[in-house]
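**Q** Pasting the sequence and the predicted model now:
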Amino acid sequence: MGHPLSVEDSQAKEPLLVAVVGPTASGKSSLGVHLAKQFSGEIVSCDSVAVYREFEIGTAKPSREERARVRHYLIDVADPREAFTAGEYARRARQVVAQIAGQGRLPIVVGGTGLYVRALLDGLFPGPQRSDELRERLRCRATEKGSVYLHRILQRLDAALAVKIHPNDAPKLIRAIEVCIASRQRMSELWEQQGRKALCGFRILRIGLNPAREELYARINLRAARMFDDGLVQETRALLQQYGEARTVTPMNSLGYRQALQYLNGELTLDEAVAAAQQGHRNYAKRQMTWFRREPEITWLLGFGDNPTIRQQAGELVRLAQ
């Protein structure tokens, strides 16, 4: 079972796994690459949008240069028309970290998708088999009436779980409603009954990046604006031409693409779309920090991952854990 590091753990034979987490634009990828170069590591991406092929500009994937310097896994592995679940991520990621460790290298999990991190390290409860038909109906409802409508449904089915899921998080709402309907039980109750299977065979070091909020928001605003300057609208238009209806393309609802789509549909001006994307990313960063602050055993570093002092502190943590 994954467990916090201690003196006894550091002397054990289990290999080390490092997880670098934090909000969007905090420099996780930069720090991950730095640590991988320093400690002969390889990176396992932990991002629910970066898994999708052909979505490039709006995903803030590690640059081609970063991927050339250090091997990355679980980027561009899913078709945009498929729903790539946290369970599927955990299954693949556990295979990858075992492969990396088996080659005598350091697995470094890098990303800000909290549910994916939890699924990999702590496990998810099995739940009932997925229903594509039900999911499609719920996606249609979300398109027609908005995700807040799904949140009201979940409140009736499982009020305790509804409190924990943001009203705008349609994918999580759809999965939660699906579980409640398929199992005829509250998902929160199933969680307690079935429990989770944590990652075994590793000592886990969790490093969190927590830059000053105003500096983080400035970077977020700059990054979101740069995405539009770099051709996000044109990429979104091309993806629509390739895949057709937006609601059938899972990552099209992600931040950046959603606002570019609203611009293409005439719902927003270009300036409004940029401002909406900036606001959306800032709100997402807040939700990420709320999630990760509830996670145990994270050692927080107060700065960005490209800051030399932060890199030095992170390197010292890894050195002590080895």
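**A** All right, it came through fine.

**Q** Domain parsing of the chain, as residue ranges.
**A** The record's domain parsing of the chain by automatic domain parsing lists 7-124+196-321, 132-194.

**Q** How about Gln242, nearest residue that isn't a chain neighbour?
**A** Glu54 (7.6 Å; CB to CB, 6 or more residues apart in numbering). Where you see a C-beta, it was placed from the backbone N, CA and C, and this is true even at glycine.

**Q** Also Lys197?
**A** Gly123 (4.1 Å).

**Q** hang on, isn't the one you found packed against Ala198?
**A** Yes. Gly123 lies in contact with Ala198 (CB atoms under 8 Å); the separation is 5.0 Å.

**Q** Same drill for the two, tell me which one is more crowded.
**A** More crowded of Gly123 and Ala198, by other CB atoms under 10 Å: Gly123, with 19 against 15.

**Q** Can you tell me how far Gln259 is from Leu239?
**A** 14 Å (CB to CB, to the nearest Å).

**Q** The two - which one has more neighbours?
**A** Gln259 (29 against 22).

**Q** so which strand or helix has the more buried one?
**A** Using DSSP states H and E, Gln259 falls within helix 257-264.

**Q** After that helix, which helix or strand is next?
**A** helix 270-294.

**Q** buried ones in whatever helix or strand comes next after that following helix?
**A** Following helix 270-294 in sequence order, the next helix or strand is strand 298-301 (DSSP H and E). Buried residues in strand 298-301, counted by 16 or more other CB atoms under 10 Å: 298, 301.

**Q** what are the C-alpha coordinates of strand 298-301, in PDB please?
**A** Backbone C-alpha positions of strand 298-301 (Å, rounded to 0.1, in the frame of the first residue of the first chain) are rendered in PDB as follows:
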ATOM      1  CA  ILE A 298       1.700  16.500   0.400                       C
ATOM      2  CA  THR A 299       4.800  18.600   1.100                       C
ATOM      3  CA  TRP A 300       4.000  22.100  -0.100                       C
ATOM      4  CA  LEU A 301       6.600  24.400  -1.800                       C
END
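
**Q** hmm, back to that, does the residue nearest to Lys197 count as helix, strand or coil?
**A** Under the three-state scheme (DSSP: H, G, I helix; E, B strand; the rest coil), Gly123 adopts coil.

**Q** Going along the chain, name the strands of the stretch 101-250 of the chain.
**A** Shown for the stretch 101-250 of the chain, the strands assigned by DSSP state E, counting those that start in this stretch span residues 106-110, 203-209.

**Q** now those in CSV, with distance to Leu301?
**A** Output for those, formatted as CSV (distance: least, CB to CB, whole Å):
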stretch, distance to Leu301
strand 106-110, 14
strand 203-209, 6
